[in-house]
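1. Build the 3D model from these lines:
(2 chains)
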Protein chains: 2
Amino acid sequence: MEKIFIAGAGMVRFGKYDANVTFERLAVGAALGAMKDAGATRGQIDAVYVGHVFGGPVAGQRVATELGLAGLPVSNHENYCASGATALREAWMAIRAGVHDVILVIGVEKMTDRVKGGVTPEPSDLDAMQGFVMTAGHALSARRYIIDHGATREQIAMVAVKNHMHSQHNPYAQYQRPVSLDEVLQARPVADPLGVLDCSPISDGAAAAIVCSAAGLKRLGITSSRPEVRGIALVSGTLRSGLYDLNEEDVSRRAGEQVYAMTGIDPGDVDFVEMHDCFTIAEIVRMEGLGLIPCGAGAAWTESGETSLGGKLPVNPSGGLLSRGHPVGATGMAQICEMYWQLNGQAGGRQVQGARLGLSYCKGGTVSGTDGASVTTVVMSR
Amino acid sequence: MEKIFIAGAGMVRFGKYDANVTFERLAVGAALGAMKDAGATRGQIDAVYVGHVFGGPVAGQRVATELGLAGLPVSNHENYCASGATALREAWMAIRAGVHDVILVIGVEKMTDRVKGGVTPEPSDLDAMQGFVMTAGHALSARRYIIDHGATREQIAMVAVKNHMHSQHNPYAQYQRPVSLDEVLQARPVADPLGVLDCSPISDGAAAAIVCSAAGLKRLGITSSRPEVRGIALVSGTLRSGLYDLNEEDVSRRAGEQVYAMTGIDPGDVDFVEMHDCFTIAEIVRMEGLGLIPCGAGAAWTESGETSLGGKLPVNPSGGLLSRGHPVGATGMAQICEMYWQLNGQAGGRQVQGARLGLSYCKGGTVSGTDGASVTTVVMSR
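-> Next up, the predicted model:
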């Protein structure tokens, strides 16, 4: 089977941008960064895959046109917060299929143009209609976790403290200053027990990578080794409020099992994780769902520093969604950029020492899954 | 290289549906039709690929949930009017990549819920800002064609007469009655010289197919032959008003050349075409762009019946977008269904006699291509 590599990565800093910094401009910035990093010229690229949610019709073609790549096959992929990772998955299969050798994959979102306040649920989301919106769902998840596992509110808040500590060293992060446990606990309440620092922000941003076959690396003149994309799983959700335990994390378990089977790795082989921490509690329950932390132990691992840089299994060295920011369609590709830099030993002050194998996870759709959660897991190694 | 087959096809009739016939219900109707036709049970399907434009985030997952297919990999693909064909292309590569063997591909749109009047251009469409909207563009294209090639307004109108004649025999068509040349010429003017019968309508609908590897056919217990998807090309547009001749059809030429090269066929091998006739004139110039009709001869071919059923090269035996209807994300898959039925000899009163090789074409994005036209070509054979 054809091996797939990441030849280069690029991001624009996540944050809130003016109206004149367009969706296209964000995407172009990230794409040019990835092309420069890979040493790829326009003529060497076969196709452009774009993941986004709110960019509107043929947004990827607008980006390709601004990049000077009009003419190429361009496709747009949407799977809510897993859109960027889904675009990567389709590109990965296009290369394995022998159709393309060098693909520019971009995840991008200009949320401040499209979303006022929080992300509103689709009218078809039956749970949201009854008030079970995303923040409420994760608040219930936190409460349930505390009851079931004897965890504390403070332990959950420590996820935010950790991820803000990590992203001090990430020049692409929306937030680059530490927050104290007290700040998290005293922050404006959102849905009890969660406050605003337990929630990922509204963000604009883009992240991109050049994805290649071995022949593609050769075309780019790359002779040194590059991180390999070992496997990507995609599953959808069966989780529904009232039908399942909120923290059962069936989709996470299946997405984990599939990517382990696909790559032949064991959860114990993972050196670090880029995790979809849209809320503090989500990082904990999803790590457990993946079998990377024993069920019920995630809060204690957070408190004892096992998931911090220098710990047993660093989670979100980038700062994660909570602190790097969460431009929904861009997040999956930002995780790929971070894994690329970590595996190349280029992550500076947030470097995971000896990182040889990383796993990233995205979850798109409402917490309840009525709208059909889409979960991706990606394994990369050097 | 892995061969890819269509094991079954299904559609719901295109038309305008009440609000209570949801996007999801349309998609489920088409999907169940395709599953029944292929004899596929839920447990035999590996993944669900959905093409749509206006369905909102994770629309495919909502459909999969209603189908009882929650849990599978589900992905959403957008390339404006080429969205259905783009979903098929990604599914085709996923099978070639050896990742899946049986994929349910759905194209679906509920336009009446989302679009009032015509489709409004994106704010980034610089041509549209100056009034160069889709209808205006195709009107200019028609006028230019008449001047350049000595064609007549009547010849262009005959595309609509032909396609309405064909779809009398298509139970899935939005319109199933013939229209006379006079009716087309006397219809409410839209953009001179085009009237409302020169324009494809606003439509709701869905079309689906079960796409398989040889192993997938075996899994479904299919031992008889099935139409093969020989190749799918995707290109994006460089066409811009002011930079190119409006009828240069550079994207069509490239999409044609790529699919001919990919499949090893010659334009002369094509027995019938499912063409993106969003406007009457578009059928003519795109057929010429593909090299299927000599440049400037398309209007005369239409008048002499060469593109009618029984002619040298029947175009749009289904009725095309003009008469089958045009629910944008569904159109590409409706073309696949039509090719499947034609190649199986199941097209009833609209059967192309001896059909062995069909070509379908979709174009998404504005006429001017400022928003980045996406063009797909699919070749299928039996």
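
2. what's near enough to touch A:L220?
-> If you count contacts by Cβ atoms under 8 Å, 6 or more residues apart in numbering or on different chains, A:L220 has them with A:A7, A:A38, A:G39, A:A40, A:Q44, A:V102, A:I210, A:C212. Glycine gets a C-beta too; all of them are placed from N, C-alpha and C.

3. PyMOL command for the buried members of the residues you listed?
-> In PyMOL, this line selects whichever of these come out buried by 16 or more other Cβ atoms under 10 Å in any protein chain shown:
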select buried, chain A and resi 7+38+40+44+102+210+212
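
4. Of the contacts of A:L220, which belong to helices?
-> The helices, defined by DSSP state H, take in A:A38 from those.

5. and which of the contacts of A:L220 is nearest B:M333?
-> A:V102 (29.0 Å; Cβ to Cβ).

6. State the distance from the closest one to A:S213.
-> For A:V102, the distance to A:S213 (Cβ to Cβ, to the nearest Å) stands at 8 Å.

7. now swap in A:E154 and tell me
-> Here A:E154 is placed at a distance of 48 Å from A:S213 (Cβ to Cβ).

8. Give me the three-state assignment for the residue of the stretch 251-382 of chain A found nearest chain B.
-> Relative to chain B, the nearest point of the stretch 251-382 of chain A is A:G372 (2.2 Å; Cβ to the nearest Cβ). Here A:G372 is recorded as coil under DSSP: H, G, I helix; E, B strand; the rest coil.

9. What are the boundaries of the helices in the stretch 1-150 of chain A?
-> Along the stretch 1-150 of chain A, counting by DSSP state H, counting those that start in this stretch, helices occupy A:23-38, A:59-66, A:83-96, A:111-114, A:126-129, A:134-149.

10. lowest average confidence, helix or strand, in chain A?
-> Every helix and strand in chain A was compared by mean pLDDT, DSSP states H and E; the lowest is helix A:126-129, with a mean of 76.

11. Check whether that helix comes near chain B.
-> No. Judged by Cβ under 8 Å from any Cβ of the partner chain, helix A:126-129 stays clear of chain B, getting no closer than 10.5 Å.

12. which regions of the stretch 101-250 of chain A sit below the pLDDT cut-off?
-> A:238-244 (pLDDT under 70).

13. How about the secondary structure of whatever residue of it ends up closest to chain B?
-> Ranked by Cβ to the nearest Cβ, the top residue of the stretch 101-250 of chain A for proximity to chain B is A:L234, at 4.0 Å. When classified by three-state DSSP, A:L234 comes out as strand.

14. How about it, nearest residue that isn't a chain neighbour?
-> Closest residue in space to A:L234, ignoring its immediate chain neighbours: B:P73 at 4.0 Å, by Cβ to Cβ, 6 or more residues apart in numbering or on different chains.

15. Would you report the backbone torsion angles of that neighbour?
-> Note on B:P73: its backbone torsions stand at phi -60, psi 130 [degrees, to the nearest 10].

16. where do the strands sit along the stretch 151-300 of chain A?
-> Assigned by DSSP state E, counting those that start in this stretch, the strands in the stretch 151-300 of chain A fall at A:189-191, A:194-195, A:204-212, A:228-236, A:272-274.

17. Please name the residues that touch the residue of the stretch 101-250 of chain A closest to chain B.
-> Counting by Cβ under 8 Å, 6+ apart, A:L234 makes contact with A:79, A:82, A:85-86, A:89, A:255, A:374-376, B:47, B:73-75.

18. try A:F279
-> By Cβ under 8 Å, 6+ apart, the residues touching A:F279 are A:T135, A:H138, A:S141, A:A142, A:L194, A:D198, A:C199, A:S200.

19. what's the neighbour count on the third one?
-> Applying other Cβ atoms under 10 Å in any protein chain shown, we find 22 residues neighbouring A:S141.

20. Touching, it and A:N247? I think so.
-> Yes. Contact between A:S141 and A:N247 holds when scored by Cβ atoms under 8 Å: they sit 5.7 Å apart.

21. Now list whatever residues contact both of these two.
-> Residues touching both A:S141 and A:N247 (Cβ under 8 Å, 6+ apart): A:V285.

22. got the buried residues for the least confident helix or strand of chain A?
-> Judged by neighbour count (16+ other Cβ under 10 Å), helix A:126-129 contains these buried residues: A:D127, A:A128.

23. and that helix, how far out from the chain's middle?
-> Between the centre of helix A:126-129 and the centre of its chain there are 25 Å (Cα atoms, centre = their mean, to the nearest Å).

24. Alpha carbons of it, as CSV, please.
-> Taking Å, rounded to 0.1, in the frame of the first residue of the first chain, the C-alpha atoms of helix A:126-129 are listed here in CSV:
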residue,chain,number,x,y,z
LEU,A,126,-34.1,17.8,18.3
ASP,A,127,-32.0,17.9,21.5
ALA,A,128,-31.0,21.5,21.0
MET,A,129,-34.7,22.4,20.5
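
25. Show me what it is packed up against.
-> Taking 3 or more Cβ pairs under 8 Å, 6 or more residues apart in numbering or on different chains; DSSP states H and E as contact, there are no helices or strands that helix A:126-129 lies on.

26. Next up, the contacts around A:S304.
-> Contacts of A:S304 (Cβ under 8 Å, 6+ apart): A:G311.

27. Over to the one 3 residues further on?
-> Counting by Cβ under 8 Å, 6+ apart, A:T307 touches A:V159, A:K162, A:E283, A:M287, A:I293, A:G298, A:W301, A:L313, A:P314, A:V315, A:N316.

28. Go again with 7 Å.
-> A:T307 makes contact with A:K162, A:W301, A:L313, A:P314, A:V315, according to Cβ atoms under 7 Å, 6 or more residues apart in numbering or on different chains.

29. and A:F23, how far is that from A:V53?
-> Counting by Cβ to Cβ - A:F23 and A:V53 are separated by 11 Å.

30. Just list the residues touching the residue nearest to A:A59 when sequence neighbours are not counted, thanks.
-> Of all residues not flanking A:A59 in the chain, A:H52 sits nearest, at 5.7 Å (Cβ to Cβ, 6+ apart). Remark: with contacts taken as Cβ under 7 Å, 6+ apart, A:H52 is in contact with A:A59, A:N76, A:S83, A:V108, A:E109, A:G329.

31. pretty sure the residue of the stretch 251-382 of chain A closest to chain B contacts B:T65?
-> Yes. Counting by Cβ atoms under 7 Å, A:G372 touches B:T65, with 5.3 Å between them.

32. So for the two, which sits in the more crowded spot?
-> Legend: neighbour count by other Cβ under 10 Å for A:G372 and B:T65, higher for A:G372 (31 against 24).

33. mind checking how far the more buried one is from B:M333?
-> Taking Cβ to Cβ, one finds A:G372 at 20 Å from B:M333.
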